[in-house]
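# what follows is a predicted structure for the sequence shown.
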Amino acid sequence: MAAALRDMGGGRLVGTDLEPGKVERARANLAAAGLDDLIEFRVGDARETLKPGVGGKIDMVMLDGAFTLYLPILKLLEPHLKPGAIIIGENAFDEGPGYLDYVRDPGNGYVSLPLSLDPGRGNELTVRTR
Ligand SMILES: C[S@@+](CC[C@H](N)C(=O)[O-])C[C@H]1O[C@@H](n2cnc3c(N)ncnc32)[C@H](O)[C@@H]1O
């Protein structure tokens, strides 16, 4: 994702994880790839680290944390999503209570469908419509 930002000529990526060790590994890998200037890492519970937003409007969200938090995190970020923003819910199958029902209801401002790449894993592609 960070390399794509560089290829597109800009942008910023905010990543957050509960485990400091994972963040340190990601930080080291991105520094080694010369992409660390594009990334901001936040360590802690995403419900807290993302509360202040990300300093601007969001083009894309990749959800790959605790399944039960997919819906609360999406709702937390919702006011910051650009119209047309893309959300990937990695393994967004039934464990994420209410997530699929929410993003598949056009009344909530999304269109959404399961990706056929790895159907058993339940990856969900969602687009913000407003
Ligand atoms: C399946 S792993 C995926 C992590 C990363 N995308 C990767 O590929 O290594 C899920 C991650 O969610 C993180 N996580 C779980 N609960 C969290 C929370 N409340 N806030 C932030 N991160 C959380 C875990 O620490 C774990 O690293």
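Looks like it arrived, so ask away.

# strand partners (parallel or antiparallel) of the longest strand along the chain?
Of all segments of type strand in the chain, defined using DSSP state E, the longest is strand 81-89. Strand 81-89 has the following strand partners under DSSP bridges: strand 58-63 (parallel), strand 124-128 (antiparallel).

# most tightly surrounded among those strands?
strand 124-128 (a mean of 21; mean count of other C-beta atoms under 10 Å). C-beta here means a position set from N, CA and C on the backbone, and glycine is covered the same way.

# to Gly44, which of the strands paired with strand 81-89 lies closest?
strand 58-63 (16.6 Å; C-beta to C-beta).

# can I get the closest one in PDB, CA atoms only?
Taking Å, rounded to 0.1, in the frame of the first residue of the first chain, the C-alpha atoms of strand 58-63 are listed here in PDB:
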ATOM      1  CA  ILE A  58      -9.800   8.900   4.000                       C
ATOM      2  CA  ASP A  59      -9.600   7.300   0.600                       C
ATOM      3  CA  MET A  60      -9.200   3.700   1.800                       C
ATOM      4  CA  VAL A  61      -9.500   1.600   4.900                       C
ATOM      5  CA  MET A  62      -8.100  -1.900   5.400                       C
ATOM      6  CA  LEU A  63      -9.700  -3.700   8.400                       C
END
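
# next one: it to chain centre, how far?
4 Å (C-alpha atoms, centre = their mean, to the nearest Å).

# quick one: that strand near the ligand?
No. Using C-beta under 6 Å from any ligand atom, strand 58-63 never reaches the ligand; the gap is at least 7.6 Å.

# and Gly56, how close does it get to the ligand?
21 Å (C-beta to the nearest ligand atom, to the nearest Å).

# so what's that residue up against?
By C-beta atoms under 8 Å, 6 or more residues apart in numbering, the residues touching Gly56 are 12, 80.

# in this protein, which spans are strands?
13-17, 39-43, 58-63, 81-89, 110-114, 124-128.

# which of these sits closest to Leu50?
Using C-beta to C-beta, those put strand 13-17 closest to Leu50, at 6.2 Å.

# which residues sit against that closest one?
1-2, 5, 23, 26, 38-44, 46, 49-50, 54-55, 65.

# to Leu69, which of the strands of the chain lies closest?
Nearest of these (C-beta to C-beta): strand 58-63, 8.1 Å.
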